[in-house]
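Trainee: sequence and predicted structure below; questions after.
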Amino acid sequence: MEIISYVGAVSAARNESSRPHVAKPSVSFSPRKPSSFRTKRYAAKTDVLAVRKSRLSAVCNLRLFTRVSFYRWLLPTLAICAFVPPALFRLADYAESHANPVVFPSLPQEELDFLNTAMARFAMEHGGDSVDENGNVLADDGSVLTASTVGVGKAISYASYTVAAGDTISGISKKFGLGNISTLIAVNDIDNVRSLRSGQKLRVPNQDGVVHRVAKGDSINAISVAYHVSVEEILDANDIETMTLTVGQELFIPGAKMDATSLKKAMGELFTCPIKAAWRLTSRFGIRNDPFTGIKSLHTGVDMACPTGTPIYAAMSGKVVVAGWSNVFGNYVIINHENGYQTLYGHLSKRIAQQGQRVSQGTRIGLAGSTGYSTGPHLHFTVYKNGKLVDPLTLLK
């Protein structure tokens with residue numbers, strides 16, 4: 001055993017010596033750092049993360065605060081935008097609608113003289129029918145034609161007449177001996193005497209009165225009471241002997257007249273208000289104390305306060321004879337109604353109607369304003385009748 005081990009060892013030594021010598025690499029290892037160092041490094045990283053997290057949280061909080069602040073101011077701002085402008089508009093509208101009475105400081109008399117002369121000229125050029133306010137036809141001397149002067153027949157009869165150029169309702173009535181123009185108007189069912197045209201056919205009765213068409217429930221006695229005419233006069237005028245009436249039957253009521261409102265409407269004298277919107281009367285027609293001088297002076301119309309831009313309408317149909325500017329009335333329009341009436345609309349912010357234009361009742365002719373001698377937006381409305389001033393409120397009622 002020892003021999004074998006020796007031989008083996010010698011053999012191994014020979015083999016080892018016969019191999020080329022190769023240097024074995026040397027490996028060096030750094031010593032492991034202590035655990036306290038690793039703990040400090042981890043703590044530093046944790047601090048950095050905490051700082052970043054706190055910065056991120058601060059940024060988020062700032063953005064959230066900004067958004068909340070934005071919406072906190074947005075709602076009140078929207079509320080202000082929604083409610084304040086309408087409130088201001090209503091306040092301005094109220095202020096404009098309650099203008100102070102219009103005053104004319106250092107009123108130029110030549111301006112008023114010019115307008116009065118113009119009004120008188122229009123009245124003379126286009127004189128109305130020769131009738132009074134009740135529709136009675138006037139004689140040449142100005143007296144009212146009565147039944148005794150005209151002559152009243154008993155039984156009703158009708159003549160036919162063709163309207164000629166230049167005819168008037170009063171002229172035709174006088175030509176046939178009628179004392180009241182309501183007779184021709186009622187018999188021919190005329191809505192507006194200004195609508196008479198050359199060539200038109202009219203029925204002309206031989207006496208004054210109106211036509212009544214029998215309705216259901218009518219009786220001779222009831223009709224007599226309504227028109228203040230005796231039953232005998234109604235029976236005689238219509239040449240009937242029976243008291244029985246039929247629906248739709250035409251009865252002539254002798255001596256009866258149209259009521260004042262119906263007559264004015266047919267004569268085109270029923271004025272409508274030139275302002276259809278809300279307005280307030282700030283100064284009446286007539287003598288008043290000047291607010292500045294205290295001197296009494298004539299106010300030629302009525303002042304109707306309304307907001308600037310309010311539409312102004314023609315009170316009656318007619319022809320625009322003046323559409324211009326005056327230092328007193330600013331932008332103004334004058335309409336001649338061809339029945340003795342003229343109307344003036346002053347202090348307009350804008351004129352719409354043109355001179356020479358024919359307008360119907362209710363046609364928009366301008367917009368209210370405060371031009372000329374004016375202390376606030378309003379309409380100055382003046383009415384002339386045959387060249388004389390008339391209180392407009394007596395016609396607008």
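Mentor: Done, it's in. Numbers count the residues shown, from 1 in each chain.
Trainee: drop to CA atoms for contacts and neighbour counts, all remaining ones
Mentor: Will do.
Trainee: for the nearest residue to Leu379 once chain neighbours are set aside, helix, strand, or coil?
Mentor: Nearest-residue entry for Leu379: Met304, 5.1 Å, with adjacent residues in sequence omitted and distances by C-alpha to C-alpha, 6 or more residues apart in numbering. Reduced to three states with DSSP: H, G, I helix; E, B strand; the rest coil, the structure at Met304 is strand.
Trainee: same question, Gly356
Mentor: Classification of Gly356 using three-state DSSP returns coil.
Trainee: so who does it touch?
Mentor: For Gly356, the contacting residues are Lys319, Val320, Val321, Val322, by C-alpha atoms under 8 Å, 6 or more residues apart in numbering.
Trainee: now that we have the residues you listed, which one has the most neighbours?
Mentor: Val320 (23 neighbours; other C-alpha atoms under 10 Å).
Trainee: which SSE is that one in?
Mentor: strand 318-326 (DSSP states H and E).
Trainee: I'd like the next helix or strand past that strand.
Mentor: Assigned by DSSP H and E, the successor of strand 318-326 is strand 330-336.
Trainee: that next one - contacts with which helices or strands?
Mentor: strand 318-326, strand 341-351 (3 or more C-alpha pairs under 8 Å, 6 or more residues apart in numbering; DSSP states H and E).
Trainee: could you list the paired strands of the last one along with their orientation?
Mentor: Strand pairing for strand 341-351, determined by DSSP bridges: strand 330-336 (antiparallel), strand 364-368 (antiparallel), strand 378-385 (antiparallel).
Trainee: tell me which of those strands sits nearest to Val210.
Mentor: strand 378-385 (27.6 Å; C-alpha to C-alpha).
Trainee: give me the contact list for the closest one.
Mentor: Contacts of strand 378-385 (C-alpha under 8 Å, 6+ apart): 97, 99, 119, 123, 300-308, 329, 340-348, 368-370, 389-392.
Trainee: thinking again about what came up before, mean neighbour count, the helices and strands packed on strand 330-336: which tops it?
Mentor: strand 341-351 (a mean of 26; mean count of other C-alpha atoms under 10 Å).
Trainee: now whichever helix or strand comes after it: mean pLDDT?
Mentor: Sequence-wise, the next helix or strand downstream of strand 341-351 (DSSP H and E) is strand 358-359. Averaged over strand 358-359, pLDDT sits at 92.
Trainee: adjacent strands (with direction) for strand 358-359?
Mentor: Checking strand 358-359 against DSSP bridges gives partners strand 318-326 (antiparallel).
Trainee: for the partner strand, list the C-alpha coordinates in CSV.
Mentor: C-alpha atoms of strand 318-326 as CSV (Å, rounded to 0.1, in the frame of the first residue of the first chain):
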residue,chain,number,x,y,z
GLY,A,318,-105.4,112.2,-44.0
LYS,A,319,-102.5,113.6,-46.0
VAL,A,320,-99.1,114.6,-44.6
VAL,A,321,-98.7,118.2,-45.5
VAL,A,322,-95.5,118.9,-43.5
ALA,A,323,-92.7,116.6,-42.4
GLY,A,324,-89.8,118.7,-41.2
TRP,A,325,-87.8,120.4,-38.4
SER,A,326,-88.7,123.2,-36.1
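Trainee: quick one: contacts of that strand?
Mentor: Contacts for strand 318-326 (C-alpha under 8 Å, 6+ apart): 111, 331-338, 351, 353-361, 372.
Trainee: give me the number of residues near Pro85?
Mentor: Residues lying near Pro85 (other C-alpha under 10 Å) number 11.
Trainee: for it, which three-state class applies?
Mentor: From three-state DSSP, the assignment for Pro85 is helix.
Trainee: list the contacts for it?
Mentor: Neighbours of Pro85 in contact, by C-alpha under 8 Å, 6+ apart: none.
Trainee: how about Pro274, nearest residue that isn't a chain neighbour?
Mentor: The shortest distance from Pro274 to any non-neighbouring residue, by C-alpha to C-alpha, 6+ apart, is to Tyr313 (4.6 Å).
Trainee: hmm, back to that, redo the strands paired with strand 341-351 as JSON lines? Include mean pLDDT and distance to Ser219.
Mentor: Formatted as JSON lines, the strands paired with strand 341-351 follow (pLDDT from 0 to 100; distance: least, C-alpha to C-alpha, whole Å):
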{"stretch": "strand 330-336", "mean pLDDT": "95", "distance to Ser219": "45"}
{"stretch": "strand 364-368", "mean pLDDT": "97", "distance to Ser219": "46"}
{"stretch": "strand 378-385", "mean pLDDT": "93", "distance to Ser219": "42"}
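Trainee: isn't Asn331 right up against Lys350?
Mentor: Yes. Taking C-alpha atoms under 8 Å as the definition, Asn331 is a contact partner of Lys350 at 6.8 Å.
Trainee: just tell me which of the strands paired with strand 341-351 ends up closest to Val211.
Mentor: Val211 lies closest to strand 378-385 among those, at 30.4 Å (C-alpha to C-alpha).
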